[in-house]
Structure formats: structure tokens, C-alpha cells
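> No letters, just coordinates:
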């Protein structure tokens with residue numbers, strides 16, 4: 001099981017200090033969020049994770065609050081990432097229809113431009129061909145390439161939304177059997 005170590009001296013290090021909500025609904029600090037996401041992203045998708053909080057013994061009774069805050073924060077982030085993904089996919093499908101339509105119109109116009117001939121006809125012919133293929137770039141990027149990155153982001157956020165959280169008092173070993 002892969003461990004993500006989080007060292008704290010005070011509880012306010014992990015929470016957004018501008019968020020007035022109670023612990024279980026409190027937003028995580030941006031640095032803590034970024035650290036957890038980056039750390040979780042370093043491990044293979046199927047590798048189980050655990051967040052190990054190294055803190056003074058006085059903070060041990062807050063571990064359930066911290067775990068609830070981590071889970072709630074990343075569950076919300078995962079839901080937002082899912083909505084963004086669905087919106088991008090919808091825009092990608094609309095862009096694909098528009099791109100294919102532009103491709104068809106441009107290729108049909110090329111047939112008409114061939115009748116003009118000469119230098120002007122050649123320039124228009126090549127311009128329409130370039131326009132036709134450029135019209136497909138955005139849908140290919142949105143549906144193809146962006147979805148890979150989105151899938152990885154959603155996977156990490158989902159994993160962090162239910163990651164086990166363990167407390168280790170400063171000065172003790174992180175493994176329970178150590």
C-alpha cells in the first residue's frame with residue numbers, strides 16, 4: 001500500500017483558513033490539495049493508497065475530522081471534474097458535427113474551384129483543403145486527447161475521495177506493526 005505522508009504541526013495547515021465551515025465540511029488548503037493530488041498521481045491506478053498524518057499527539061482526536069474533510073473535499077472535486085468532462089464531451093461532439101460539415105462543404109467547394117483553374121484556383125483549392133482539415137482539429141483534440149488527461153484527473157480525485165487516513169504521532173514509526 002502506497003503512503004502519502006502529510007506532516008502537520010497545527011490543524012490550520014491543512015484547511016483553507018478563509019473557509020468558516022466546520023471541520024467535516026471545511027475546504028482544504030490549496031497547497032494541501034495540490035500535494036495530495038500530485039502525490040496520488042505518482043502511483044499506478046490500481047495501487048491502494050493511505051494518507052498518513054504525522055502530527056503532535058494532541059491532534060490525534062481530530063483525525064476523523066481531517067479524514068472527513070479530505071473525503072468531502074475530493075468528492076466535491078471529483079463531481080466537478082465529472083461535470084467538466086461531460087461538458088467537454090458534449091462540446092466535442094458538437095464540434096465534430098460542425099467540423100465534418102465544414103469538411104464536406106469545403107471539399108464540395110473545391111470541386112467548383114477546380115473549374116476556375118490558374119493560380120487563383122490553385123490557391124483557393126489548397127486553402128479550402130487546409131480549412132477542411134483544420135476544422136476537425138478541435139473535435140479531435142477535445143474528444144481524443146483531452147479525455148485522457150480528464151480520465152486520469154477523475155481517477156485520482158475519486159481515489160482521494162475515499163482514501164484511508166491514518167494518524168501517527170510525531171516521533172513514532174508510520175507502520176502500525178513497527
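Thanks, I have it. Treat the numbers as computed from the prediction; the structure is a model and nothing was measured. Residues are numbered from 1 along each chain as shown.
> From here on, just use CA atoms for contacts and neighbour counts.
Noted.
> so where's the chain uncertain?
Within the chain, the ranges that satisfy pLDDT under 70 run 17-26, 172-178.
> Which residue ranges of it form strands?
2-7, 49-55, 165-169 (DSSP state E).
> With mean neighbour count and distance to residue 137 as new columns, can the ones you listed be given to me in JSON lines?
Below are the strands of the chain laid out as JSON lines (neighbours: other Cα atoms under 10 Å; distance: least, Cα to Cα, whole Å):
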{"stretch": "strand 2-7", "mean neighbour count": "17", "distance to residue 137": "39"}
{"stretch": "strand 49-55", "mean neighbour count": "21", "distance to residue 137": "38"}
{"stretch": "strand 165-169", "mean neighbour count": "20", "distance to residue 137": "43"}
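> Nearest to residue 64, out of the ones you listed?
Ranking the strands of the chain by their distance to residue 64 (criterion: Cα to Cα) puts strand 165-169 first, at 8.2 Å.
> Any idea which residue is closest to the centre of this protein?
residue 153 (3.0 Å; Cα atoms, centre = their mean).
> Next up, the contacts around that residue.
residue 81 (Cα atoms under 8 Å, 6 or more residues apart in numbering).
> so how far is residue 112 from residue 100?
Relative to residue 112, residue 100 is positioned 19 Å away (Cα to Cα, to the nearest Å).
> Also residue 120?
Applying Cα to Cα to residue 120 and residue 112 gives a distance of 13 Å.
> again with residue 167
73 Å.
> any idea where the helices of the chain begin and end?
Along the chain, counting by DSSP state H, helices occupy 30-41, 63-113, 118-134, 137-139, 146-160.
> name the helices or strands packed onto the longest one?
When you say that, I think you mean helix 63-113. Under the contact criterion of 3 or more Cα pairs under 8 Å, 6 or more residues apart in numbering; DSSP states H and E, helix 63-113 touches helix 118-134, helix 137-139, helix 146-160, strand 165-169.
> same deal with the first one?
Packing partners of helix 30-41 (3+ Cα pairs under 8 Å, 6+ apart): strand 2-7, helix 146-160.
> Turn the ones you listed into JSON lines, including distance to residue 36.
Formatted as JSON lines, those follow (distance: least, Cα to Cα, whole Å):
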{"stretch": "strand 2-7", "distance to residue 36": "7"}
{"stretch": "helix 146-160", "distance to residue 36": "8"}
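> closest to residue 61 out of the ones you listed?
Across the helices and strands packed on helix 30-41, closest to residue 61 is strand 2-7 (Cα to Cα), at 15.8 Å.
> For the closest one, give me every contacting residue.
36, 39-40, 43, 47-55.
> Would you mind listing the two of the residues you listed that lie farthest apart?
Once Cα to Cα is applied, these give 47 and 55 as the farthest pair, at 25.0 Å.
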